[in-house]
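Trainee: Sequence and predicted structure, then a few things I'm wondering about:
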Amino acid sequence: MAGILFIISAPSGSGKSTLVSELRKQVSGVDFAVSWTTRAPRGSEQSGREYHFTTREEFMRMLEAGMFLEHAEVFGNLYSTAKQSLEEARAQGHDLLLDIDVQGAAQVRAKMPEAVGIFVLPPNPRVLRTRLRNRSRAEGVVDEEEVYRRLSEARKEIENFRQYGYILINDILDRAVAQLEAIVLAERFYRNGETIAYRSRRVLEVAAACLQINSQERLKPVLEAFGINGDSSQQQLPFGDESDDD
């Protein structure tokens, strides 16, 4: 059977990498496309595990050679997904999961509109700020300017949530992992007729609840927390007024 292409996007610090890692522990046949990037490794990151780290010159050479499915520049660094990842997954009949930003996701959707889009949101700016700071501490330094830059960018990314079929709000990790697993199993069921061995009806219900069209009630407080509504262009992020207790 042909594998399914899943695209997961989220603001930096939303926890999507953890969700992907947990999903792959629980669901077989899901390959993960390790992205290429020109940024330097962080902390304990290893080339070929979190990312394929390369130089800007080599990245541009690969881009010009047509080796990438998509590419984007984020915070001054280049990121991409190699076409080879998709080819290898298809050859094995596996699903492929892309962890890419909204720029890259738009490029992939233009080429492969059948791809399943999943957008992960943090529950509010305060939680996102704490996660960004904790990640910075783990890397040995907390750059407040960088944290707030990423918070500001998060709002711009979240405004793209309408481009994704599924919405996950990562407030409770176990629940978000279960929802992501349900989405993958439900898509396999509907597209490939693959049997869901365990509590099939419940799995389909959980996945359906995550569809964007069914997520408005859960989405509203999150969007409001980030200053996004029907006239979001005139809203400002409510970061400055929040007390800092971490």
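Mentor: Right, received. Where do you want to start? Numbers count the residues shown, from 1 in each chain.

Trainee: Packing partners of the helix or strand encompassing Arg155?
Mentor: Following DSSP states H and E, one finds Arg155 within helix 144-158. Using 3 or more CB pairs under 8 Å, 6 or more residues apart in numbering; DSSP states H and E as the contact test, the elements touching helix 144-158 are helix 125-138. Quick note: C-beta positions are derived from backbone N, CA and C, even for glycine.

Trainee: Could you give me the buried positions within the helix it packs on?
Mentor: Buried residues in helix 125-138, counting neighbours by 16 or more other CB atoms under 10 Å, are found at Pro125, Arg126, Val127, Leu128, Arg129, Thr130, Arg131, Leu132, Arg133, Arg135, Ser136.

Trainee: Test my guess that the fifth one contacts Val147.
Mentor: Yes: in this structure, Arg129 is within contact of Val147 by CB atoms under 8 Å, at 6.3 Å.

Trainee: which residue sits closest to Arg49, ignoring its sequence neighbours?
Mentor: Excluding its sequence neighbours, the residue lying closest to Arg49 (CB to CB, 6 or more residues apart in numbering) is Val34, at 7.2 Å.

Trainee: neighbours around that neighbour, how many?
Mentor: 16 (other CB atoms under 10 Å).

Trainee: quick revisit: list the residues that contact both of Arg129 and Val147?
Mentor: Overlap of the contact sets of Arg129 and Val147 (by CB atoms under 8 Å, 6 or more residues apart in numbering) is empty.

Trainee: follow-up on the earlier one: by pLDDT, give me the weakest of the buried residues of helix 125-138.
Mentor: When those are compared by pLDDT, Ser136 scores lowest at 78.

Trainee: hmm, back to that, so what angle separates the directions of the helix holding Arg155 and helix 125-138?
Mentor: Going by axes from the mean of the first three to the mean of the last three CA atoms, to 10 degrees, helix 144-158 is angled at 130 degrees with respect to helix 125-138.

Trainee: tell me the average confidence for helix 144-158?
Mentor: The model assigns helix 144-158 a mean pLDDT of 89.

Trainee: So what touches the following helix or strand past it?
Mentor: In the C-terminal direction, the helix or strand that comes right after helix 144-158 (DSSP H and E) is strand 166-169. Here strand 166-169 makes contact (CB under 8 Å, 6+ apart) with 19, 116-123, 161, 176, 179-180, 183, 207, 210-212, 215, 218-219, 222.

Trainee: Just the ones of those in helices?
Mentor: If you go by DSSP state H, the contacts of strand 166-169 have Leu19, Ala176, Gln179, Leu180, Ile183, Ala207, Cys210, Arg218, Leu219, Val222 in helices.

Trainee: how about those residues in TSV, adding neighbour count?
Mentor: Shown next, in TSV, are the ones in helices among the contacts of strand 166-169 (neighbours: other CB atoms under 10 Å):
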residue	neighbour count
Leu19	23
Ala176	23
Gln179	22
Leu180	28
Ile183	24
Ala207	23
Cys210	21
Arg218	16
Leu219	17
Val222	20
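
Trainee: now the buried residues of helix 125-138 as a markdown table including distance to Lys111?
Mentor: A markdown table is the format used below for the buried residues of helix 125-138 (distance: CB to CB, whole Å):
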| residue | distance to Lys111 |
| --- | --- |
| Pro125 | 33 |
| Arg126 | 37 |
| Val127 | 34 |
| Leu128 | 30 |
| Arg129 | 35 |
| Thr130 | 37 |
| Arg131 | 32 |
| Leu132 | 32 |
| Arg133 | 37 |
| Arg135 | 32 |
| Ser136 | 35 |
